[in-house]
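Colleague: build the 3D model from these lines:
(2 chains)
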2 protein chains.
Amino acid sequence: MKRIASTKNERVKEWKKLQSRKKREERGLFLIEGLHLIEEALKYKSIVQELIVLDGAKLPNHFFEGTIPTTIVSKEVFSLLSEMDSPQGVMAVCKQLRWEIDLNVKKWLLIDAVQDPGNLGTIIRTADAAGMDVVILGDGTVDLYNSKTIRATQGSIFHLPVINSSLKPIISKLKEEKIPVFGTSTKNAVFYKEIPPSETFALLVGNEGNGVSKELLDMTDQNLHIPIYGKAESLNVAVASAIFMYHLRK
Amino acid sequence: MKRIASTKNERVKEWKKLQSRKKREERGLFLIEGLHLIEEALKYKSIVQELIVLDGAKLPNHFFEGTIPTTIVSKEVFSLLSEMDSPQGVMAVCKQLRWEIDLNVKKWLLIDAVQDPGNLGTIIRTADAAGMDVVILGDGTVDLYNSKTIRATQGSIFHLPVINSSLKPIISKLKEEKIPVFGTSTKNAVFYKEIPPSETFALLVGNEGNGVSKELLDMTDQNLHIPIYGKAESLNVAVASAIFMYHLRK
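Modeller: Residues are numbered from 1 along each chain as shown, chains lettered A, B, ... in the order given. Down below sits the predicted model:
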């Protein structure tokens, strides 16, 4: 096993660059951190490229028994790379996931420009739990490989296809396939409970401040809203997405 | 209007102390930050004790026209106190809210030891939106007046009673009042959609890792669960609470 003690090491600099979206995209790689996430990633062995382990970290034996290249690093190096409040002493460099769009699947979640990484990650976790088949990240959506997004997915990033794609052509294709597309909006929308649960649907949710863009709302079959019974101005987008998904699915 | 430039000023030290739960409780005060939250607080004028404004901050005129004591502070002082990523140049010292428990209300949310301030704030925001009448924070729940909790409530902290109280005696009283109490659990629980929506109910949600304590689950009328259709291990507690609340309410 290799060992690196210096934060000036070239490999360390290369890992550090993976904290930038641009560099992640250039390299086709991303970093994950923490035991649970890495356990989930290891189920898809081909994506974990290398492990970075803090010298002295207590990890399950199987972390050291596999064939994945592992580097033991000093506290200084690990601290430089870690983004967790309570680091667990292990990170992994993973290959970005490449999924193809499959028009035969039934439950679609379309995301229009959600900005907060915690919200995006929580939405993906909920989509996984709700049994959605695919999540499409439209233009202007925060990076899937942002460390906060990944952490909030709690591993669901590895469980279902999450694909970057402009939403207009997707919605057009879904309509050709006769998959009903439900937008979400506080205006000109019907009470979501009026729509019966079904096996096949696409749900379109939007930006924290502005909601789904008008252009996309104009393309849907129906737009839905969740009533506000109290004095809150709105619901958090991850919360609203969850209410819609669990209501709509059969 | 008073002006304070030095971070060594005694008033500044006193404000800074309000970032600690213990000091907040001793003083019966808390800090809020940002235009939207302060606008919401000002609707309940008696709770806003003083305003702290960054020298040169652009604020709506009515912030300076009221009778609330206002202090203009230097950038150094404001930076010392601010906990926002993009500070808006205004904070307020507020009196902690004192609510009495009213057994005549119909929709109760009981929270058992939720630990993450963002989760707690989001749950309170959703409870407000869903028209819940009261939120009870059981023992071991994170502080309502934590700045992250308050921010996540998006002002809902001012919209409905949120009360610290042990949950055992509350559940006993609700049962005497014939208000059905629904626990939430992944084990020995019925599919939540089997319970019809109603006007009157209490929902009990729990800690991020451990859920609701067994002792409390044993006291409920019925325990509910949300199915996981995909590969996720669980739902975020704020997401699960939202699905339950919006399903259960009529």
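Colleague: how about the least confident helix or strand in chain A by mean pLDDT as PDB, C-alpha atoms only?
Modeller: The least trusted helix or strand in chain A, going by mean pLDDT, DSSP states H and E, turns out to be helix A:62-65, with a mean of 81. C-alpha atoms of helix A:62-65 as PDB (Å, rounded to 0.1, in the frame of the first residue of the first chain):
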ATOM      1  CA  HIS A  62     -12.900  -6.000   3.800                       C
ATOM      2  CA  PHE A  63     -11.700  -2.500   3.000                       C
ATOM      3  CA  PHE A  64      -8.200  -3.800   2.900                       C
ATOM      4  CA  GLU A  65      -8.800  -7.300   1.400                       C
END
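Colleague: what residues does that helix touch?
Modeller: With C-beta atoms under 8 Å, 6 or more residues apart in numbering or on different chains as the test, helix A:62-65 has contacts from A:38, A:51, A:53, A:70, A:90. Backbone N, C-alpha and C define where each C-beta goes, glycine included.
Colleague: repeat for stretch A:156-170
Modeller: Around stretch A:156-170, the neighbours that count as contacts under C-beta under 8 Å, 6+ apart are A:40-41, A:43-44, A:47, A:97, A:99, A:101-102, A:108, A:110, A:112, A:121, A:124-125, A:127-129, A:132-139, A:141, A:144, A:149-150, A:204, A:215-216, A:219, B:230-232.
Colleague: the strands in chain A, which residues?
Modeller: Assigned by DSSP state E, the strands in chain A fall at A:2-4, A:29-33, A:48-54, A:70-73, A:90-95, A:107-112, A:134-137, A:162-164, A:181-184, A:190-191, A:201-206, A:222-225.
Colleague: may I see these organised as a markdown table, with mean neighbour count and distance to residue B:247 added?
Modeller: Shown next, in a markdown table, are the strands of chain A (neighbours: other C-beta atoms under 10 Å in any protein chain shown; distance: least, C-beta to C-beta, whole Å):
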| stretch | mean neighbour count | distance to residue B:247 |
| --- | --- | --- |
| strand A:2-4 | 13 | 52 |
| strand A:29-33 | 22 | 34 |
| strand A:48-54 | 19 | 39 |
| strand A:70-73 | 20 | 46 |
| strand A:90-95 | 23 | 37 |
| strand A:107-112 | 25 | 19 |
| strand A:134-137 | 23 | 23 |
| strand A:162-164 | 17 | 27 |
| strand A:181-184 | 24 | 17 |
| strand A:190-191 | 11 | 14 |
| strand A:201-206 | 26 | 17 |
| strand A:222-225 | 19 | 15 |
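Colleague: which one of those lies nearest to residue A:83?
Modeller: strand A:29-33 (6.6 Å; C-beta to C-beta).
Colleague: off-centre distance for the closest one?
Modeller: Centroid separation for strand A:29-33 versus its chain: 13 Å, with C-alpha atoms, centre = their mean, to the nearest Å.
Colleague: what pairs with that strand, parallel or antiparallel?
Modeller: Paired neighbours of strand A:29-33 in the sheet (DSSP bridges): strand A:90-95 (antiparallel).
Colleague: mean confidence for the strand it pairs with?
Modeller: Here strand A:90-95 scores 97 as its mean pLDDT.
Colleague: residues making contact with that strand?
Modeller: With C-beta under 8 Å, 6+ apart, strand A:90-95 has contacts from A:15, A:18, A:28-35, A:38, A:41, A:46-54, A:57, A:59, A:63, A:78, A:81-82.
Colleague: off-centre distance for that strand?
Modeller: How far strand A:90-95 lies from its chain's middle: 16 Å, per C-alpha atoms, centre = their mean.
Colleague: mind exporting that strand as CSV, just the C-alpha atoms?
Modeller: Provided in CSV are the C-alpha atoms of strand A:90-95 (Å, rounded to 0.1, in the frame of the first residue of the first chain):
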residue,chain,number,x,y,z
VAL,A,90,-11.9,7.0,4.5
MET,A,91,-12.6,8.5,1.0
ALA,A,92,-12.8,7.0,-2.4
VAL,A,93,-12.2,8.3,-6.0
CYS,A,94,-15.1,7.0,-8.2
LYS,A,95,-15.8,7.1,-11.9
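Colleague: between it and strand A:48-54, what angle do the directions make?
Modeller: Between strand A:90-95 and strand A:48-54, the angle comes out at 160 degrees (axes from the mean of the first three to the mean of the last three C-alpha atoms, to 10 degrees).
Colleague: coming back round to it: quick check, nearest of the contacts of helix A:62-65 to residue B:10?
Modeller: Closest to residue B:10 out of the contacts of helix A:62-65 is residue A:90 (46.6 Å), distances taken as C-beta to C-beta.
Colleague: state the pLDDT value of the closest residue to the closest one other than its chain neighbours.
Modeller: Spatial nearest neighbour of residue A:90, excluding adjacent residues (C-beta to C-beta, 6 or more residues apart in numbering or on different chains): residue A:53 at 5.3 Å. Looking at residue A:53, its pLDDT reads 97.
Colleague: one more: residue A:26?
Modeller: For residue A:26, the model assigns a pLDDT of 97.
Colleague: cool, and residue A:45?
Modeller: 72.
Colleague: how about the residues of chain A near chain B?
Modeller: By C-beta under 8 Å from any C-beta of the partner chain, the part of chain A that sits against chain B consists of A:118, A:122, A:125-132, A:152, A:154-156, A:159-160, A:226, A:228-236, A:238-240, A:242-243, A:246-247, A:249.
Colleague: circling back: beta partners of the residue nearest to residue A:90?
Modeller: Beta-bridge partners of residue A:53, as defined by DSSP bridges: residue A:72, residue A:90.
Colleague: so it sits against residue A:73, correct?
Modeller: Yes - in this structure, residue A:53 is within contact of residue A:73 by C-beta atoms under 8 Å, at 7.0 Å.
Colleague: that older thread, which of the contacts of helix A:62-65 lies closest to chain B?
Modeller: residue A:38 (14.9 Å; C-beta to the nearest C-beta).
Colleague: and residue A:222, how far is that from chain B?
Modeller: 19 Å (C-beta to the nearest C-beta, to the nearest Å).
Colleague: quick one, what contacts that residue?
Modeller: A:180, A:182-183, A:190, A:195.
Colleague: one more time with 7 Å, if that's ok
Modeller: A:182, A:190, A:195 (C-beta atoms under 7 Å, 6 or more residues apart in numbering or on different chains).
Colleague: for chain B, see how far away the first one is.
Modeller: Taking C-beta to the nearest C-beta as the measure, residue A:182 and chain B are separated by 16 Å.
Colleague: buried subset of the contacts of stretch A:156-170?
Modeller: A:40-41, A:47, A:108, A:110, A:112, A:121, A:124-125, A:127-129, A:132-138, A:141, A:144, A:149-150, A:204, A:216, A:219, B:230, B:232 (16 or more other C-beta atoms under 10 Å in any protein chain shown).
Colleague: count of residues packed around the closest residue in space to residue A:177 that isn't next to it in sequence?
Modeller: Among residues not flanking residue A:177 along the chain, residue A:103 sits closest, at 5.6 Å (C-beta to C-beta, 6+ apart). For residue A:103, the neighbour count with other C-beta atoms under 10 Å in any protein chain shown is 12.
Colleague: thinking again about what came up before, closest to residue B:175 out of the strands of chain A?
Modeller: strand A:190-191 (32.5 Å).
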